[in-house]
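Q: Fold the following and give me the result.
(one chain, ligands or ions: 2)
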Amino acid sequence: HWGYGKEDGPSAWHRQYPVAKGNRQSPIDIIPNEARRDSTLGPIFLKYDQCRSLNIANNGHSVVVEFDDSDDRSVVLGGPLDNPYRLKQFHFHWGGKGCEGSEHTVAGVGYASELHVVHWNAVKYKTYNDAAAAPDGLAVLGIFLELGDDHRWLHMITDALYTVKFKGSATDFKGFNPKCLLPSSLHYWTYLGSLTTPPLHESVTWIVLKEPIVVSEKQLGMFRMLQFNGEEEDQRMRMENNFRPPQNLKERIVRSSN
Ligand SMILES: Nc1nnc(SCC(=O)Nc2ccc(S(N)(=O)=O)cc2)s1
Ligand SMILES: [Zn+2]
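A: Ligands and ions are numbered 1, 2, ... in the order given. Got it, this is the predicted structure:
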């Protein structure tokens, strides 16, 4: 199975997932000076007030908070999107102590971590899995985390991490609204890309926010108590450095909101 180690990591994924060498792979290095300012790109709107979080889980690659996506109660719309996209889940990618950990980089510089808020096009597709394999199926909001003071709301996530230490564990996680994890500005870069983990489907309209949120090293360190392995496995592997490095931009352009 795929992972982030030497043998099963990003450089090996192409063997089982040939699309890894495709023309719209993610993440990428975003070069602000080369992004095209597009006046037709309007603001994005995040309608999360009615969102219903369900659980928090360790899927062996990251920690994921899932939402009830049985109706259009919470969606992202506007910006580059032709339809509203339904909130499905969010998860994180991070590094080792003091190392970089984001997936997208900005002019070659990485952040300590990156939050991905995953939405799917329920107007055009019947199920999430159908959408996840379609070129306009997903919209993922990328938010950079940089190190500084404690984030006032992240403790709601880090306080729950001990309950999902091992791969395959999940616990109830109700009443969490990801709005509390947003920066003050919703200015963004956008480009057409892919899932950043297998199956690497080229189905994502990426919306990467320019402004990072600030979390403390202590808070980010709590994520490293998670393990890639299941409770019953002998080999204990700390969950860290679960990020794919930037991929070739190929024939794509990155657009910038105003
Ligand atoms: N046959 C299939 N396997 N897996 C799927 S879709 C599962 C899924 O949601 N994967 C997923 C992978 C990466 C990302 S990410 N890091 O946000 O690009 C989001 C989501 S369809
Ligand atoms: Zn992700």
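Q: now the helices: where do they sit in the stretch 51-200 of the chain?
A: Using DSSP state H, counting those that start in this stretch, the helices of the stretch 51-200 of the chain run over 128-132, 155-158.
Q: Of these, which is nearest ligand 1?
A: Ligand 1 sits nearest to helix 128-132 of all the helices of the stretch 51-200 of the chain, at 3.8 Å, using C-beta to the nearest ligand atom. Just so you know, the C-beta spots here come from the backbone N, C-alpha and C atoms, and that holds for glycine as well.
Q: Export that closest one to CSV, keeping only CA atoms.
A: The C-alpha trace of helix 128-132 is given here as CSV (Å, rounded to 0.1, in the frame of the first residue of the first chain):
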residue,chain,number,x,y,z
TYR,A,128,-18.6,11.8,-3.9
ASN,A,129,-16.7,9.0,-5.5
ASP,A,130,-18.1,9.8,-8.9
ALA,A,131,-17.1,13.5,-8.4
ALA,A,132,-13.7,12.6,-7.1
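Q: List the buried residues in it.
A: Of the residues in helix 128-132, 128, 131-132 count as buried by neighbour count, 16 or more other C-beta atoms under 10 Å.
Q: for stretch 163-180, same thing?
A: 164, 166-167, 169, 173, 176-178.
Q: Burial check on Phe223, number of neighbours?
A: 25 (other C-beta atoms under 10 Å).
Q: Nearest spatial neighbour of it, chain-adjacent residues omitted?
A: Closest residue to Phe223 apart from its sequence neighbours, by C-beta to C-beta, 6 or more residues apart in numbering: Trp94 at 5.3 Å.
Q: ranges for the strands of the stretch 51-200 of the chain?
A: Under the criterion DSSP state E, counting those that start in this stretch, strands of the stretch 51-200 of the chain are mapped to 53-58, 63-67, 75-78, 85-94, 105-106, 113-120, 138-147, 170-172, 188-193.
Q: Out of the ones you listed, which gets nearest to ligand 1?
A: In this view, the strands of the stretch 51-200 of the chain are compared for proximity to ligand 1 by C-beta to the nearest ligand atom, and strand 113-120 is the closest at 3.7 Å.
Q: List the residues that contact Ser169.
A: Contacts for Ser169 (C-beta atoms under 8 Å, 6 or more residues apart in numbering) come out as 57-58, 163, 231.
Q: buried residues in the lengthiest helix in the chain?
A: Selection of the longest helix in the chain by residue count, based on DSSP state H, yields helix 217-223. Within helix 217-223, the residues scored as buried using 16+ other C-beta under 10 Å are 219-220, 222-223.
Q: just checking, what packs against it?
A: Identification of packing neighbours for helix 217-223 by 3 or more C-beta pairs under 8 Å, 6 or more residues apart in numbering; DSSP states H and E yields strand 85-94, strand 138-147, helix 155-158.
Q: counting contacts, what elements does the shortest one pack onto?
A: Which is helix 155-158. Helix 155-158 sits against helix 217-223, with contacts defined as 3+ C-beta pairs under 8 Å, 6+ apart.
Q: which secondary structure elements does the helix or strand that comes right after the helix it packs on contact?
A: Counting by DSSP states H and E, the next helix or strand C-terminal to helix 217-223 is strand 255-256. Helices and strands touching strand 255-256, as assessed by 3+ C-beta pairs under 8 Å, 6+ apart, comprise strand 36-37, strand 188-193.
Q: and these as CSV, adding distance to Arg52, mean neighbour count and mean pLDDT?
A: Formatted as CSV, the helices and strands packed on strand 255-256 follow (distance: least, C-beta to C-beta, whole Å; neighbours: other C-beta atoms under 10 Å; pLDDT from 0 to 100):
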stretch, distance to Arg52, mean neighbour count, mean pLDDT
strand 36-37, 37, 10, 97
strand 188-193, 25, 22, 99
